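1. quick check, what structure comes out for this input:
(one chain, ligands or ions: 1)
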Amino acid sequence: MSDTAPAAPQFADLGLPAPLLEALNSLGYETPSPIQAEAIPTLLAGEDLLGLAQTGTGKTAAFSLPLLAGIDVSLRATQALILTPTRELALQVAEALQRYAQNMRGFSVLALYGGSPFAPQFKALERGAHVVVATPGRLTDHMRRGSIKFDNIRFLVLDEADEMLKMGFADDLEAVFEKVPEHTQKALFSATMPAGVRTVARNHMREPKEIRLHSGKSSSLDTITQKVWEVANHHKLDAMTRLLEVEPVEAMIVFVRTKTASLELSERLEARGFAAAALNGDLSQQLREQVVDRLKRGLLDIVVATDVAARGLDVERISHVLNYDLPHDSESYVHRIGRTGRAGRSGTAILFATPRERRLLHLLEKATGQKIEQQALPTADAVRSGRLSKLATRLQTAAEGTGSLHQQLVEELLQVTNMEPLELVAALLAILPGAKTLIEPVADLPVAPPRREREMGDDRDAGLVRYKVQGGRSNNLMPKPLVDVLVKHGGLRRQQIGHIKMFTEHTGVYLPQLDQSVLNKLAGVEVNGVALQIREWPLPPGEVERPRSPRPPRKDFAGKPRTSKPARRA
Ligand code: AMP
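-> Numbering: from 1, shown residues only. Sure, this is the predicted structure:
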């Protein structure tokens with residue numbers, strides 16, 4: 001590696017307590033994102049904060065970590081309140097808090113949103129959830145009913161404040177500000193800073209520290225073409241495989257956010273036959289150098305890296321940079337894509353963006369001074385013609401090396417098999433490794449869900465992944481104990497668990513994409529006396545995963561519309 005970059009701040013330097021640092025490490029976070037590096041010390045110091053930040057910048061952890069640092073778990077009372085515009089975001093934030101608080105025994109967080117019954121919410125509030133994440137309307141409902149107590153609140157966060165104002169929640173926000181104790185510390189995050197948001201900040205916050213992400217300076221990016229593919233999270237791996245088929249990739253650096261993700265993705269790519277390896281901060285300097293060396297020598301074609309580990313990487317062969325996960329800020333982006341287009345060669349930078357990440361895209365365009373072209377996912381036809389032309393090239397190259405001996409062999413084969421030449425070639429194709437993919441139908445990748453659905457639910461919510469559990473009706477496996485185990489050992493919330501379908505010998509269950517570490521944890525846990533075996537069970541080509549949000553008509557596992565009562569949900 002050549003150019004050295006200034007040392008990035010570390011989580012350990014920010015003043016966070018050990019249980020939180022351990023959680024971050026187990027989640028595979030390497031370094032704080034820029035917004036985190038600024039917000040965490042500010043909030044830990046007790047200051048109010050006004051953050052201009054969009055989804056994807058790491059803002060959730062930026063307020064969640066200092067907030068958790070201040071929670072007294074032994075006090076069974078609500079100590080922090082987080083307001084979000086939508087139910088989906090409330091759930092996401094609550095889940096993030098749970099992940100970060102994994103080493104805080106007895107910690108509880110509650111998401112309150114409209115459209116769900118009040119009774120369980122009353123109970124959970126009575127038990128004293130430490131943190132409440134709520135949509136403004138539902139929260140003020142609870143305030144009117146007197147079911148939420150504000151006496152112990154010390155921390156108030158407004159997430160996506162501009163969205164809440166746009167949705168007409170100004171009065172509800174006012175009511176909350178009025179009700180929280182005087183010395184409550186406040187943080188407000190907003191993707192944009194319209195006058196309404198400024199007014200709220202001016203009226204209710206104490207000299208808030210303002211932070212915003214500055215755009216990186218564009219530098220020598222002329223040799224790089226930038227493209228974006230809109231892909232939902234759970235289709236990224238398929239999209240990447242497709243990309244490798246249609247793009248003329250010599251070598252590629254793939255950027256992900258966490259160490260864990262770099263390992264997992266490189267393993268999955270290897271399993272699919274690619275020469276891939278991980279490059280992350282957990283590797284020793286020596287191993288890192290080995291990976292880079294193998295990439296240089298063409299022994300590796302794909303390196304799945306985190307930002308820290310790929311800093312300064314200078315390998316001419318890198319024709320493509322893939323932002324599998326978007327970076328947290330534009331400076332990292334500029335740094336990432338600068339790994340291609342080296343030594344006067346041209347390079348291509350592709351990024352996968354989920355629908356929610358669109359805003360961040362504008363920031364990246366601004367920082368690079370270039371438009372990032374939206375590219376449609378390659379169709380099944382494009383993939384097929386890509387495969388065809390690759391095979392054609394292989395055949396042409398091979399033809400150069402054939403001579404009379406090969407032709408003689410063909411003559412002999414025609415005679416022995418008694419086949420027509422076309423028949424013989426077809427048979428040869430059938431036994432040629434790789435040619436199968438040209439004969440099997442290629443499925444079109446599902447495009448990102450339509451607008452309305454995206455707004456109702458995050459892309460995660462709109463598409464769950466199907467998993468297969470060994471054991472079904474014949475083993476008396478029941479949905480309820482299965483759900484209990486998924487919740488208890490898999491860290492899932494009941495609401496995240498989708499459709500469950502029992503078969504005789506196995507069971508299908510729709511879940512959010514589970515990390516390998518979670519699958520490992522679940523493996524072997526007993527359900528109804530049977531050791532749990534669970535693995536991903538991809539849908540047949542062309543079939544789209546079922547959304548969780550109620551959307552008639554539903555289909556059963558075989559793809560037929562269901563007309564009778566909905567399948568059992570535990
Ligand atoms: P947010 O902007 O809060 O929606 O976060 C975007 C994504 O980045 C989430 O998937 C987080 O889990 C992830 N993330 C947040 N902070 C970090 C970090 N420091 N390192 C790696 N991933 C992170």
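
2. buried residues of the helix or strand hosting E245, list them for me.
-> In this assignment (DSSP states H and E), E245 forms part of helix 236-246. Of the residues in helix 236-246, 236-245 count as buried by neighbour count, 16 or more other CB atoms under 10 Å. Glycine gets a C-beta too; all of them are placed from N, C-alpha and C.

3. go on, stretch 71-80?
-> 71, 78-80.

4. now render the buried residues of helix 236-246 as a markdown table, adding pLDDT and distance to L52.
-> Converted to a markdown table, these look like this (pLDDT from 0 to 100; distance: CB to CB, whole Å):
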| residue | pLDDT | distance to L52 |
| --- | --- | --- |
| K236 | 92 | 28 |
| L237 | 92 | 33 |
| D238 | 88 | 35 |
| A239 | 91 | 30 |
| M240 | 93 | 32 |
| T241 | 89 | 37 |
| R242 | 87 | 36 |
| L243 | 90 | 33 |
| L244 | 89 | 37 |
| E245 | 83 | 40 |
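
5. related to what we said a few turns ago, could you confirm whether the helix holding E245 reaches the ligand?
-> No: judged by CB under 6 Å from any ligand atom, helix 236-246 stays clear of the ligand, getting no closer than 12.7 Å.

6. how about the residue most central in space within the chain, phi and psi?
-> In the chain, the residue lying closest to the centroid (CA atoms, centre = their mean) is N233, at 5.1 Å. The phi and psi values for N233, taken as degrees, to the nearest 10, are phi -50, psi -50.

7. may I ask which two of the buried residues of stretch 71-80 are separated the most?
-> The span of the buried residues of stretch 71-80, defined through CB to CB, is set by I71 and T78 at 10.1 Å.

8. how far off centre is the helix ranked longest in the chain?
-> Scanning the chain for the helix with the most residues, using DSSP state H, yields helix 380-400. How far helix 380-400 lies from its chain's middle: 33 Å, per CA atoms, centre = their mean, to the nearest Å.

9. just want the angle from it to helix 236-246.
-> Relative orientation of helix 380-400 versus helix 236-246 (axes from the mean of the first three to the mean of the last three CA atoms, to 10 degrees): 40 degrees.

10. residues making contact with helix 380-400?
-> 242, 245-246, 378, 434-435, 437-438, 441-444 (CB atoms under 8 Å, 6 or more residues apart in numbering).

11. most neighbours of all the residues you listed, which one?
-> The most neighbours of any of those, using other CB atoms under 10 Å, belong to R242, which has 23 neighbours.

12. doesn't Y510 lie inside a strand?
-> Yes: counting by DSSP: H, G, I helix; E, B strand; the rest coil, Y510 is located in a strand.

13. give me the neighbour count for it.
-> 21.

14. how far away is it from A376?
-> With the distance defined as CB to CB, to the nearest Å, Y510 ends up 27 Å from A376.

15. tell me where the model's unsure across the stretch 251-400 of the chain.
-> In the predicted model of the stretch 251-400 of the chain, no residue satisfies pLDDT under 70.

16. for the ligand, state which of the buried residues of helix 236-246 is nearest.
-> Relative to the ligand, the closest of the buried residues of helix 236-246 is K236; by CB to the nearest ligand atom it sits at 12.7 Å.

17. contacts only, for that closest one.
-> For K236, the contact set (CB under 8 Å, 6+ apart) comprises 324, 352.

18. try it again at 10 Å.
-> 229, 243, 256, 265, 322, 324-325, 352, 354, 513 (CB atoms under 10 Å, 6 or more residues apart in numbering).

19. phi and psi next, for the residue in the stretch 251-400 of the chain positioned nearest to the ligand.
-> Nearest to the ligand in the stretch 251-400 of the chain, going by CB to the nearest ligand atom, is R257, at a distance of 3.7 Å. Backbone torsions of R257, given as degrees, to the nearest 10, read phi -90, psi -30.

20. which residue sits closest to it in space, ignoring its chain neighbours?
-> Leaving aside its sequence neighbours, R257 sits nearest to D325 (CB to CB, 6 or more residues apart in numbering; 4.4 Å).

21. thought the one you found was touching T260?
-> No: D325 lies out of contact with T260 (CB atoms under 10 Å); the separation is 11.7 Å.

22. please identify every residue contacting each of the two.
-> Common neighbours of D325 and T260 (CB under 10 Å, 6+ apart) are T306.

23. any idea how many residues pack against P34?
-> Using other CB under 10 Å, P34 has 24 neighbouring residues.

24. lowest-confidence helix or strand of the protein?
-> Least confident helix or strand of the chain, by mean pLDDT, DSSP states H and E, is helix 451-456 with a mean of 33.

25. from the centre of this protein, point out the most distant residue.
-> Distance from the centre of the chain peaks at Q415, with 57.5 Å (CA atoms, centre = their mean).

26. local confidence estimate at that one?
-> Q415 is assigned 95 on the pLDDT scale.

27. show me what whichever strand or helix holds it is packed up against.
-> Per DSSP H and E: Q415 is located in helix 404-417. Packing partners of helix 404-417 (3 or more CB pairs under 10 Å, 6 or more residues apart in numbering; DSSP states H and E): helix 421-431.

28. next structured bit after the helix it packs on?
-> Using DSSP H and E, the helix or strand that follows helix 421-431 in sequence is helix 436-439.

29. which residues touch that following helix?
-> Outside helix 436-439, the residues touching it (CB under 10 Å, 6+ apart) are 245, 383-385, 387-388, 390-391, 426, 429-430, 432.

30. dump it to PDB, restricted to CA.
-> Taking Å, rounded to 0.1, in the frame of the first residue of the first chain, the C-alpha atoms of helix 436-439 are listed here in PDB:
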ATOM      1  CA  LYS A 436     -25.500 -25.100 -18.400                       C
ATOM      2  CA  THR A 437     -26.000 -21.500 -17.400                       C
ATOM      3  CA  LEU A 438     -26.700 -20.700 -21.000                       C
ATOM      4  CA  ILE A 439     -29.400 -23.300 -21.300                       C
END
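
31. quick check: mean pLDDT of that helix?
-> Helix 436-439 carries an average pLDDT of 73.

32. tally up the residues packed near T379, please.
-> 14.

33. pretty sure it is touching D444, no?
-> Yes: T379 is within contact range of D444, at 5.9 Å (criterion: CB under 10 Å).

34. shared neighbours of these two, anything?
-> Common contacts of T379 and D444 (CB under 10 Å, 6+ apart): R242.

35. the ligand contacts on the protein?
-> Counting by CB under 6 Å from any ligand atom, the chain comes close to the ligand at 29, 32-33, 36, 55-61, 257-258.

36. out of the residues you listed, list just those in helices.
-> 36, 59-61.

37. and whatever helix or strand L295 lives in, how far out from the chain's middle?
-> In this structure, L295 sits in helix 285-296 according to DSSP H and E. Remark: helix 285-296 is offset 27 Å from the chain centroid, using CA atoms, centre = their mean.

38. need the contact partners of that helix.
-> 1, 251-253, 266, 275, 277-284, 299-303, 305, 309-310, 312-318.

39. one more pass at 6 Å, please.
-> Under the contact criterion CB atoms under 6 Å, 6 or more residues apart in numbering, helix 285-296 has outside partners 277, 279, 300, 303, 315.
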